[in-house]
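**Q** Sharing a model that was predicted from the sequence below.
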Amino acid sequence: MNRLIKTAALTLAVSFCAGLLCACGDDTEQTVIPADYGTYGADIARQLAGTYSDRTAYSQGEQQAGEFVQQAMKDLGYEPQVQTFTNSSGLASNNYVVKIEGTGFYSEGADGSYSLGRKIAVIGAHYDAAMRSDLTGTTFDGISDNASGVGCLLTALAQASSYKKMGFDVYYVAFGAGTDSYAGANAFLNSLSVEDRSNVEVMYCIDSIYAGDKVYASAGYNSLVPGSKYAMRRKLYQTYDVCYANTLYSTYGFDILYNESGIETDLNGDGNADIYNEVSANKSDYVPFDDAGIPIVFFDSYDYNFESMDEMKDTKNLTLQDYGGAVRSTPLDSTSILDAALRTEDTDEDGDGVTDKSGDVLQIRINAIAFVIMETLMKGSDDGMTPDEYQTYINNPTESTLESGVTETTAD
């Protein structure tokens, strides 16, 4: 199995490098700018927030917001499955699900033979917002929590057709009633067959990516189980690789960080002190998947640079301190307020009349995170190889390829 995976590394590396260049005539090449997706996702987020500011779980506003998301999926050329569920009081909400099948992955069996099987990835964001009674009469519209996540989800879906060789079956899910203990995520996970559930290799959760000072990617609490850290954080580490391997920081000033507070505390309630690294205290739709032992990657914006967990908050921005630096579920989670505080003029740094860098933090984060998720998925399964990669291996059965690109001869 090791040489199979090593061979895949070269195939992916060659494909990635080729993807950075596109022919523009006989003698010229033009560099493709990563995550150059325009304003689509930010426009969707602002429209969702502005039109359906009161989209409390199970409300009429949430239903209308869900129909808006459904139509956006249709406009992208997909026919989403509408998955209706109810809570213990009989109130109903909907998930909107688009499934795009991939090529599958070849994996090695106990007898040494290889067979083609399915692996599943889930990308999800909730579209409801926690409109409490004390938020009525304010400009609250949940642009960060979580219209921003929905804009990113739909941006990833809009780019899906560009990934022709995706190995995973990818579910793009807009969760209803996320603010009701992740009811939509629970309903979706429980709707999967036993086989499909066992084939879910990773869940990417996107929530509140606008208001916080920095963008973080975190693993689940299942990675705190002794001996499980690497297996449960491997997909997380791949997101860092993708971010660093591309020009996202130099192009957009975008970076993905991970919580390095190092505070020792009992994070998961098992009576043992854990190191508060690479996990988040912020809960979202990843929780049911995390509880089921599925690796998760959670994207949100926050600020962990404090001495204690009690001090941590969304932002240190001096214009956003009315609630002690908290933005989620406060009147500050408002398009008019956050745009005024965070949005700056676009810049034309080389003076050629073309915008070089967007001053829209929402647009940058939506596009960059969508790009990182899709490119991370293209790194493939932890336990298999796409048909193209497998064919490369079959054609070169006596060689394995190290990630450095150096080949070594192996025994048949």
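**A** Happy to help now that I have it. Numbering: from 1, shown residues only.
**Q** L189: neighbour count?
**A** 22 (other C-beta atoms under 10 Å). The C-beta positions use only the backbone N, C-alpha and C, and glycine is treated the same way.
**Q** Could you list every helix and strand that the strand or helix carrying it packs against?
**A** Per DSSP states H and E: L189 is located in helix 183-191. When contacts are defined as 3 or more C-beta pairs under 8 Å, 6 or more residues apart in numbering; DSSP states H and E, helix 183-191 packs onto strand 81-86, strand 92-100, strand 120-126, strand 169-175, helix 287-291.
**Q** and the ones you listed as JSON lines, adding mean neighbour count and mean pLDDT?
**A** Listed next are the helices and strands packed on helix 183-191 as JSON lines, based on neighbours: other C-beta atoms under 10 Å; pLDDT from 0 to 100:
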{"stretch": "strand 81-86", "mean neighbour count": "14", "mean pLDDT": "98"}
{"stretch": "strand 92-100", "mean neighbour count": "21", "mean pLDDT": "98"}
{"stretch": "strand 120-126", "mean neighbour count": "27", "mean pLDDT": "98"}
{"stretch": "strand 169-175", "mean neighbour count": "26", "mean pLDDT": "98"}
{"stretch": "helix 287-291", "mean neighbour count": "21", "mean pLDDT": "98"}
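**Q** could you dump these to CSV with distance to I394?
**A** Formatted as CSV, those follow (distance: least, C-beta to C-beta, whole Å):
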stretch, distance to I394
strand 81-86, 36
strand 92-100, 26
strand 120-126, 25
strand 169-175, 23
helix 287-291, 34
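**Q** Q391: which of the ones you listed is closest?
**A** Across those, Q391 has its closest neighbour in strand 169-175 (20.1 Å, C-beta to C-beta).
**Q** Give the partner strands of that closest one in its sheet and their orientations.
**A** The strands that strand 169-175 pairs with in its sheet are strand 92-100 (antiparallel), strand 120-126 (parallel) (by DSSP bridges).
**Q** can these go into TSV with extra columns for distance to D241?
**A** As requested, those are exported to TSV (distance: least, C-beta to C-beta, whole Å):
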stretch	distance to D241
strand 92-100	23
strand 120-126	16
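**Q** Out of these, which is closest to K379?
**A** strand 120-126 (11.1 Å).
**Q** Quick one: residues in contact with whichever helix or strand comes after the closest one.
**A** Later in the chain than strand 120-126, the nearest helix or strand by DSSP H and E is helix 148-159. Contacting residues not belonging to helix 148-159 are listed as 37, 40-45, 48, 69, 72-73, 76, 78, 98, 123-127, 172-174, 206-210, 299, 362, 365-367, 369-371, 373-374 [C-beta atoms under 8 Å, 6 or more residues apart in numbering].
**Q** could you dump helix 148-159 to PDB, C-alpha only?
**A** Output in PDB follows, covering the C-alpha atoms of helix 148-159 (Å, rounded to 0.1, in the frame of the first residue of the first chain):
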ATOM      1  CA  SER A 148     -20.700  34.000   5.100                       C
ATOM      2  CA  GLY A 149     -20.400  30.200   5.400                       C
ATOM      3  CA  VAL A 150     -23.300  29.700   3.000                       C
ATOM      4  CA  GLY A 151     -21.500  32.000   0.500                       C
ATOM      5  CA  CYS A 152     -18.400  29.900   0.800                       C
ATOM      6  CA  LEU A 153     -20.300  26.600   0.400                       C
ATOM      7  CA  LEU A 154     -22.000  27.900  -2.800                       C
ATOM      8  CA  THR A 155     -18.700  29.200  -4.100                       C
ATOM      9  CA  ALA A 156     -17.200  25.700  -3.700                       C
ATOM     10  CA  LEU A 157     -20.200  24.200  -5.500                       C
ATOM     11  CA  ALA A 158     -19.800  26.800  -8.200                       C
ATOM     12  CA  GLN A 159     -16.200  25.600  -8.700                       C
END
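**Q** Please type out the PyMOL selection for whichever of the contacts of helix 148-159 turn out to be buried.
**A** Those of the contacts of helix 148-159 that count as buried under 16 or more other C-beta atoms under 10 Å are selected in PyMOL with:
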select buried, resi 37+40+41+42+44+45+48+69+72+73+76+78+98+123+124+125+126+127+172+173+174+206+207+208+209+210+299+362+365+366+367+369+370+371+373+374
